[in-house]
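Student: compute the structure for the input listed below.
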Amino acid sequence: MTDILIGLGALGLILLGMDWLSKGLKAAAGQALMHFLERGTQKSWQGLLFGTAATVAVQSSTVITVTTIGFVNAGILSLQNAAFVIYGSNVGTSLTGWFVALVGMQFKIDALAMPLIGVGALLKLFAKSARRQGFGEALVGFGLFFLGLAYLKDSFDTVFVDIEFSLLSELGAWGLLLGVLIGTLLTVVMQASIAVLALVITATSTGVIPLSVAAAFVIGANLGTTSTAIISTLAATAKAKRLAMLHVIFNVVTGVVAIIILTPLLWLISLLQSALFHDPNPALSLALFHTLFNILGVLLMWPLTSRLVKFLNSRFRAQKAGQLRVLDTSSLSIPAVAIKTLSMESLRVGQLISGQALLLSQGKTLSSQSIEQIRQLQSEISHYLTLLGKSQLAEQESHALNELIKNQLRLEMTLQLLPELAEQAERDPQAFVPEQTLWQQLSSAHWPDAAQQIRSCYRDLMRQRQKLKEQLYLLVLTERLSNDSGGDQLLRFAELRRFNQQLTRAMLALAKLHGPQQAPQTSAVNHEEINHAS
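Tutor: Numbers count the residues shown, from 1 in each chain. Got it, this is the predicted structure:
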């Protein structure tokens with residue numbers, strides 16, 4: 001019983017270590033990762049290499065998958081390029097298997113784990129920058145992963161040695177399918193295929209599980225990684241659903257092919273091991289099997305990817321008007337990506353508000369259904385802003401979050417002013433003719449390219465409005481308009497000026513956050529220009 005409990009604790013250390021490792025590396029390299037993805041995955045082979053390297057670094061293909069979904073939502077990656085990042089993440093998982101087989105099973109790794117934990121803890125506790133703290137957290141996670149692996153090996157040596165896993169191999173094809181099912185379920189429960197891989201390699205190295213059954217477990221672990229992608233897209237965007245479906249198709253095709261050619265593949269591996277090593281090692285055989293069938297899957301899918309992407313782009317097109325289009329939980333995996341997607345959704349809200357104002361200027365009435373949809377979008381964006389605020393943010397990301405919240409409130413103000421503008425339109429259908437050009441541009445602008453044109457249009461509008469105010473003063477002065485009527489009209493002018501100012505200011509600031517260079521601190525320049533024009 002003591003050894004069983006130690007085994008469970010070892011598994012917990014592995015899972016905890018992987019969690020800390022992935023979180024730490026994301027905190028240390030989030031912004032740099034986003035910029036690299038924008039520039040370094042334009043070709044298929046680059047995406048494949050990036051997905052492989054990132055999975056080896058983070059020790060979790062699930063994390064890379066969810067992060068890639070966030071990048072696709074934000075428009076940083078196309079579905080075509082993201083496909084090869086996903087393929088690479090599967091290859092990266094198999095390379096981690098080599099690391100476990102070569103280092104974890106051959107050396108006294110707890111001697112390596114403790115110094116890593118010590119150095120990482122010092123960085124986590126005493127480093128001043130968020131990047132160094134993240135790197136320290138990653139080192140602690142790496143050390144915990146190794147420490148758990150050492151304890152896991154000891155527990156297998158004493159507890160599971162008498163379990164007859166060989167019975168599965170005696171069942172033939174049904175036994176292998178059962179092994180695939182067990183591997184899939186283990187990965188779904190643990191939400192980490194690398195943890196299952198470490199478990200299976202450890203069991204194989206101690207002779208508890210025959211190689212053929214262990215290979216079936218590994219195929220199942222590959223299939224199990226798709227569960228996270230599926231779960232994360234149940235209430236996700238259309239882009240996220242397409243990438244999740246591509247991930248499922250790749251893993252299913254790869255798994256089916258691996259099952260079909262399992263026997264000849266293991267025979268080939270046996271020949272390779274006999275030629276390369278004097279004493280064949282089951283752990284190395286399993287790592288080699290995992291790598292070969294993932295590479296085979298990439299080779300099979302490579303020529304089919306373009307057609308598959310074209311097919312998936314025609315799916316999941318039906319979305320409700322009040323539903324977020326680029327923002328879901330996967331966008332929060334890296335704060336820099338979350339800021340980009342939040343700004344994109346907020347810009348969309350601003351465009352919808354501009355569209356409603358444009359309807360008023362054309363003599364039409366507000367759509368209560370559209371207003372309710374905008375309010376729903378505002379509520380969902382606020383929810384994600386709250387979640388992002390609970391994340392570990394660098395100084396620049398904190399400034400950007402403050403800017404997002406500020407402009408979220410500005411958009412809320414304009415939304416509350418819309419009914420008052422509707423009342424003005426009822427009194428005077430021509431009241432908003434000067435605003436038509438600005439509202440038209442705001443509702444259909446392509447950001448951030450349209451920023452300069454919007455500023456120019458806003459300044460022209462303010463000059464027109466200033467002339468109308470001067471005419472109003474003259475009418476009151478010459479007693480052609482009473483003080484009461486003049487004051488009422490001046491109040492309506494002020495409401496309209498506040499609406500235009502807050503809407504334009506919010507959308508220009510959001511456009512800067514959405515652009516390739518996120519520098520929220522420079523948005524004050526735009527505000528000064530707008531205030532001066534007002």
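Student: and the strand or helix carrying Leu472, what does it pack against?
Tutor: Under the assignment given by DSSP states H and E, the secondary-structure element containing Leu472 is helix 451-477. Helix 451-477 makes packing contacts with helix 436-444, helix 483-514, helix 523-533 when contacts are defined by 3 or more CB pairs under 8 Å, 6 or more residues apart in numbering; DSSP states H and E. Backbone N, C-alpha and C define where each C-beta goes, glycine included.
Student: distance to Phe135, mean pLDDT and mean neighbour count added to the ones you listed, as TSV?
Tutor: Written out in TSV, the entries for the helices and strands packed on helix 451-477 read as follows (distance: least, CB to CB, whole Å; pLDDT from 0 to 100; neighbours: other CB atoms under 10 Å):
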stretch	distance to Phe135	mean pLDDT	mean neighbour count
helix 436-444	43	93	19
helix 483-514	27	90	19
helix 523-533	31	40	14
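Student: where along the stretch 301-450 of the chain do the helices fall?
Tutor: Listed from the start of the chain, the stretch 301-450 of the chain has helices (DSSP state H, counting those that start in this stretch) covering 305-313, 335-361, 368-389, 395-427, 436-444.
Student: ok, Ala258 touching Phe293?
Tutor: Yes: contact criterion CB atoms under 8 Å: Ala258 and Phe293 qualify, at 4.0 Å.
Student: what's the overlap in contacts for these two?
Tutor: Contact criterion CB atoms under 8 Å, 6 or more residues apart in numbering; residues bridging Ala258 and Phe293 by contacting each: Ile219, Leu265.
Student: about what we covered before: got the angle between the helix holding Leu472 and helix 436-444?
Tutor: Between helix 451-477 and helix 436-444, the angle formed by their directions is 150 degrees, by axes from the mean of the first three to the mean of the last three CA atoms, to 10 degrees.
Student: buried residues in stretch 115-127, which are they?
Tutor: By neighbour count on 16 or more other CB atoms under 10 Å, the buried set for stretch 115-127 is Leu116, Ile117, Gly120, Leu123, Lys124.
Student: I'd assumed Gly136 was in contact with the last one.
Tutor: Yes: Lys124 sits in contact with Gly136 when judged by CB under 8 Å, with a separation of 3.7 Å.
Student: nearest to Ile76, of the helices and strands packed on helix 451-477?
Tutor: Relative to Ile76, the nearest member of the helices and strands packed on helix 451-477 by CB to CB is helix 483-514, separated by 11.6 Å.
Student: counting contacts, what elements does that closest one pack onto?
Tutor: helix 335-361, helix 395-427, helix 436-444, helix 451-477, helix 523-533.
Student: what helix or strand is the residue nearest the centre of the chain on?
Tutor: Nearest residue to the geometric centre of the chain (CA atoms, centre = their mean): Gly70, 2.3 Å. With the criterion set as DSSP H and E, the secondary-structure element containing Gly70 is helix 61-73.
Student: tell me the angle that helix makes with helix 335-361.
Tutor: Using the same axes, to 10 degrees: helix 61-73 against helix 335-361 is 30 degrees.
Student: tell me the helix or strand right after helix 61-73.
Tutor: Using DSSP H and E, the helix or strand that directly follows helix 61-73 along the chain is helix 79-99.
Student: for whichever helix or strand comes after that following helix, give the mean pLDDT please.
Tutor: For helix 79-99, the following helix or strand on the C-terminal side (DSSP H and E) is helix 110-126. Helix 110-126 shows an average pLDDT of 80 in the prediction.
Student: now stretch 65-72
Tutor: pLDDT averaged over stretch 65-72 gives 76.
Student: quick one: distance of it to the chain centre.
Tutor: The chain centre lies 4 Å from the centre of stretch 65-72; the measure is CA atoms, centre = their mean, to the nearest Å.
Student: ok, stretch 479-496 next?
Tutor: Relative to its parent chain, stretch 479-496 has a centroid offset of 51 Å by CA atoms, centre = their mean.
Student: need the contact partners of that stretch.
Tutor: 417, 420-421, 424, 431-432, 435, 465, 468-469, 472-473, 475-476.
Student: next one: stretch 463-475
Tutor: Counting by CB under 8 Å, 6+ apart, stretch 463-475 makes contact with Pro434, Leu481, Gly486, Gln489, Leu490, Phe493, Leu496, Arg497, Ala533, all of which sit outside it.
Student: can I get it in PDB, CA atoms only?
Tutor: Taking only C-alpha atoms (Å, rounded to 0.1, in the frame of the first residue of the first chain), the coordinates of stretch 463-475 have been written out as PDB:
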ATOM      1  CA  ARG A 463     -15.100  72.100 -37.300                       C
ATOM      2  CA  GLN A 464     -18.600  71.800 -38.800                       C
ATOM      3  CA  ARG A 465     -20.100  71.400 -35.400                       C
ATOM      4  CA  GLN A 466     -18.300  74.500 -34.100                       C
ATOM      5  CA  LYS A 467     -19.800  76.500 -36.900                       C
ATOM      6  CA  LEU A 468     -23.300  75.300 -36.000                       C
ATOM      7  CA  LYS A 469     -22.700  76.300 -32.400                       C
ATOM      8  CA  GLU A 470     -21.600  79.800 -33.500                       C
ATOM      9  CA  GLN A 471     -24.800  80.000 -35.600                       C
ATOM     10  CA  LEU A 472     -26.800  79.000 -32.600                       C
ATOM     11  CA  TYR A 473     -25.200  81.800 -30.500                       C
ATOM     12  CA  LEU A 474     -26.100  84.300 -33.200                       C
ATOM     13  CA  LEU A 475     -29.700  83.100 -33.300                       C
END
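Student: how about it: buried residues?
Tutor: Applying a neighbour-count criterion of 16+ other CB under 10 Å, the buried positions in stretch 463-475 are Arg465, Leu472.
Student: what number of residues lie near Leu262?
Tutor: By other CB atoms under 10 Å, the residues close to Leu262 number 19.
Student: let me fix that, I meant to ask about Glu395.
Tutor: Residues within reach of Glu395, counting by other CB under 10 Å, total 9.
Student: ok, residues contacting stretch 282-297?
Tutor: Residues external to stretch 282-297 that are found in contact with it (CB under 8 Å, 6+ apart): 87, 90-91, 93-95, 97-98, 100-102, 105, 197, 200-202, 204-205, 207, 211, 214-215, 218-219, 222, 250-251, 253-254, 257-258, 265-266, 268-270, 272-273, 277.
Student: and the residue nearest to the centre of the chain, how close does it get to Val140?
Tutor: Separation of Gly70 from Val140 (CB to CB, to the nearest Å): 25 Å.
Student: in contact with Val298, which residues?
Tutor: Counting by CB under 8 Å, 6+ apart, Val298 touches Leu48, Tyr87, Asn90, Val91.
Student: let me see the confidence value for the closest residue to the second one other than its chain neighbours.
Tutor: By the measure of CB to CB, 6 or more residues apart in numbering, the closest residue to Tyr87 outside its immediate chain neighbours is Val298, 4.8 Å from it. For Val298, the pLDDT comes out at 91.
Student: picking that back up, lowest average pLDDT across the helices and strands packed on helix 483-514?
Tutor: Per-segment mean pLDDT for these reaches its minimum on helix 523-533, at a mean of 40.
Student: if we can go back for a sec, among the contacts of stretch 282-297, name the buried ones.
Tutor: Applying a neighbour-count criterion of 16+ other CB under 10 Å, the buried members of those are 87, 90-91, 93-95, 97-98, 100-101, 105, 197, 200-202, 204-205, 211, 214-215, 218-219, 222, 250-251, 254, 257-258, 265-266, 269, 273.
Student: pretty sure Gly224 contacts Leu181?
Tutor: No: contact criterion CB under 8 Å: Gly224 and Leu181 do not qualify, at 9.8 Å.
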